[in-house]
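Undergrad: Starting from these lines, generate the structure:
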Amino acid sequence: MSLLKIARMGHPVLLRKADPVADPTGADIHRLVADMVETMQDAEGVGLAAPQVYASRRVIIFFAPDARAEDEGAHDIAPLTALINPEYGPVHDDKVVGWEGCLSIPGLNGAVPRFRHIWYRGWTPKGELIEREATGFHARVVQHEIDHLDGVLYTMRMEDLSLLAFSDELRQRIRAEELDDSTGS
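TA: The predicted model follows:
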């Protein structure tokens with residue numbers, strides 16, 4: 001396994017539609033997924049798409065940890081999952097705005113509208129079809145990673161660029177808001 005370099009916003013690989021994978025069980029896909037997992041864990045991320053590591057292939061990995069399960073009012077977790085040629089769609093048309101970050105846009109977070117409840121499916125590296133429904137953060141991370149396969153960064157989905165913030169500043173803002181809420185100010 002190897003740590004891979006992560007492409008940053010502005011690189012053309014992040015702006016093009018990734019190529020479909022003919023054989024999800026191929027040795028090259030197993031190697032790519034293993035390297036992506038190691039890279040994502042090293043970067044302390046929760047998801048990664050192959051274009052983010054300069055591989056224009058329709059491959060994503062993600063997980064929705066218990067610590068994030070209550071985001072957006074849904075308790076929905078997902079184990080570490082690798083999907084090849086994934087697709088998704090809304091179960092309902094309602095959307096919710098939530099904060100997102102991206103390993104390809106380090107140091108920034110933005111408020112992005114996403115479908116609250118989705119279905120998704122894709123193939124595992126073992127050739128098994130996964131079909132799931134997801135809500136809350138689980139749904140958000142899947143939509144975010146599949147967007148990468150279509151050349152879409154979260155900033156392109158934002159409706160209000162005044163809600164794009166440096167991560168450190170945003171943490172301070174959120175702490176201040178929580179303090180105000182707890183003191184009744």
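Undergrad: Hmm, P106 is touching A7, no?
TA: No. Using C-beta atoms under 8 Å, P106 is not in contact with A7, being 11.3 Å away. For the C-beta atoms, the positions are set from N, CA and C on the backbone; glycine is no exception.
Undergrad: who has more neighbours, these two?
TA: Neighbours per residue (other C-beta atoms under 10 Å) separate P106 from A7, with A7 holding more: 19 against 12.
Undergrad: Contact partners for the more buried one?
TA: Neighbour list for A7: V13, L14, P51, Q52, V53, Y54, S104 [criterion: C-beta atoms under 8 Å, 6 or more residues apart in numbering].
Undergrad: tell me the pLDDT at L170?
TA: Predicted confidence (pLDDT) for L170: 88.
Undergrad: who touches G26 in this structure?
TA: So G26 contacts nothing (C-beta under 8 Å, 6+ apart).
Undergrad: re the thing from before, of the contacts of A7, closest to Y154?
TA: When these are ranked by distance to Y154 (C-beta to C-beta), S104 comes first, at 9.4 Å.
Undergrad: what secondary structure does A111 sit in?
TA: strand (DSSP: H, G, I helix; E, B strand; the rest coil).
Undergrad: doesn't G101 make contact with it?
TA: No. Using C-beta under 8 Å, A111 is not in contact with G101; the gap is 11.3 Å.
Undergrad: Not counting its neighbours along the chain, what's nearest R57?
TA: Leaving aside its sequence neighbours, R57 sits nearest to A50 (C-beta to C-beta, 6 or more residues apart in numbering; 4.4 Å).
Undergrad: Let me see the contact set for that neighbour.
TA: A18, L32, M36, S56, R57, R58, V59, I60, L149.
Undergrad: what's the nearest residue to L15 if we skip its chain neighbours?
TA: Nearest in space to L15, with sequence neighbours left out and distances taken as C-beta to C-beta, 6+ apart, is G151 at 4.6 Å.
Undergrad: residues near that neighbour, how many?
TA: 16.
Undergrad: hang on, it in a helix?
TA: No. With three-state DSSP as the criterion, G151 is assigned coil and is not in a helix.
Undergrad: Now do it, the pLDDT please.
TA: 98.
Undergrad: Distance of it relative to T183?
TA: Relative to T183, G151 is positioned 45 Å away (C-beta to C-beta, to the nearest Å).
Undergrad: What is the host helix or strand of E169 packed up against?
TA: Assigned by DSSP states H and E, E169 belongs to helix 167-183. When contacts are defined as 3 or more C-beta pairs under 8 Å, 6 or more residues apart in numbering; DSSP states H and E, helix 167-183 sits against strand 108-115.
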